[in-house]
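Visitor: Predicted model follows, preceded by the sequence.
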Amino acid sequence: MANAARGEVDLVVDGVPRVLRLTLGGMAELETRLGVGGLAELVERFETDAYRADDLIALLAAGLRGGGFEVSDAEFAGMQVAGGAAGATRAAAQLLIASFAPLER
């Protein structure tokens with residue numbers, strides 16, 4: 001089960017509950033993989049609906065790796081996400097919010 005205080009999000013992949021978490025290494029990997037100039041540009045891509053399916057795959061696979069599930073982007077692309085494309089999009093949004101939203105004090 002995800003720990004929101006750690007920026008974690010739950011996602012069911014191939015029928016197995018998994019935890020998504022973006023590490024700093026995962027964020028750096030995404031910047032390079034998606035060809036963005038920084039984290040703000042990465043988040044903006046998703047906020048403005050300018051993302052592609054490949055961007056979702058990269059983000060969610062990085063989140064899975066950060067959560068401890070070793071999977072390549074190509075392997076993840078062939079897996080079933082609970083809720084289909086809508087479920088993947090929701091999980092991506094939740095992951096970005098959990099990773100970048102200011103902490104409430």
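Guide: Right, received. Where do you want to start?
Visitor: alpha carbons only for contacts and neighbour counts from here, please
Guide: OK.
Visitor: What is the host helix or strand of residue 45 packed up against?
Guide: Assigned by DSSP states H and E, residue 45 belongs to helix 39-47. Packed against helix 39-47 by the contact rule (3 or more C-alpha pairs under 8 Å, 6 or more residues apart in numbering; DSSP states H and E) you find helix 24-34.
Visitor: about what we covered before: quick one: contacts of the helix holding residue 45?
Guide: Outside helix 39-47, the residues that touch it by C-alpha atoms under 8 Å, 6 or more residues apart in numbering are 27, 30, 31, 34, 36, 51, 93, 96.
Visitor: same thing but at 6 Å, please
Guide: Helix 39-47 has contacts (C-alpha atoms under 6 Å, 6 or more residues apart in numbering) with residue 51.
Visitor: contact partners of the helix or strand just after that helix?
Guide: Tracing the chain past helix 39-47, the next element assigned as helix or strand by DSSP H and E is helix 53-66. For helix 53-66, the surrounding residues in contact (C-alpha under 6 Å, 6+ apart) are 20, 21, 22, 23, 26, 73.
Visitor: before we move on, the earlier item: report the mean confidence score over the helix holding residue 45.
Guide: Helix 39-47 shows a mean pLDDT of 90.
Visitor: now that helix, how far from the centre of its chain.
Guide: 12 Å (C-alpha atoms, centre = their mean, to the nearest Å).
Visitor: Next: stretch 54-62.
Guide: Taking mean C-alpha positions (C-alpha atoms, centre = their mean), stretch 54-62 and its chain are 6 Å apart.
Visitor: How about residue 11, nearest residue that isn't a chain neighbour?
Guide: Distances taken as C-alpha to C-alpha, 6 or more residues apart in numbering place residue 18 nearest to residue 11, at 5.3 Å, with adjacent residues excluded.
Visitor: The one you found sits in which helix or strand?
Guide: strand 16-20.
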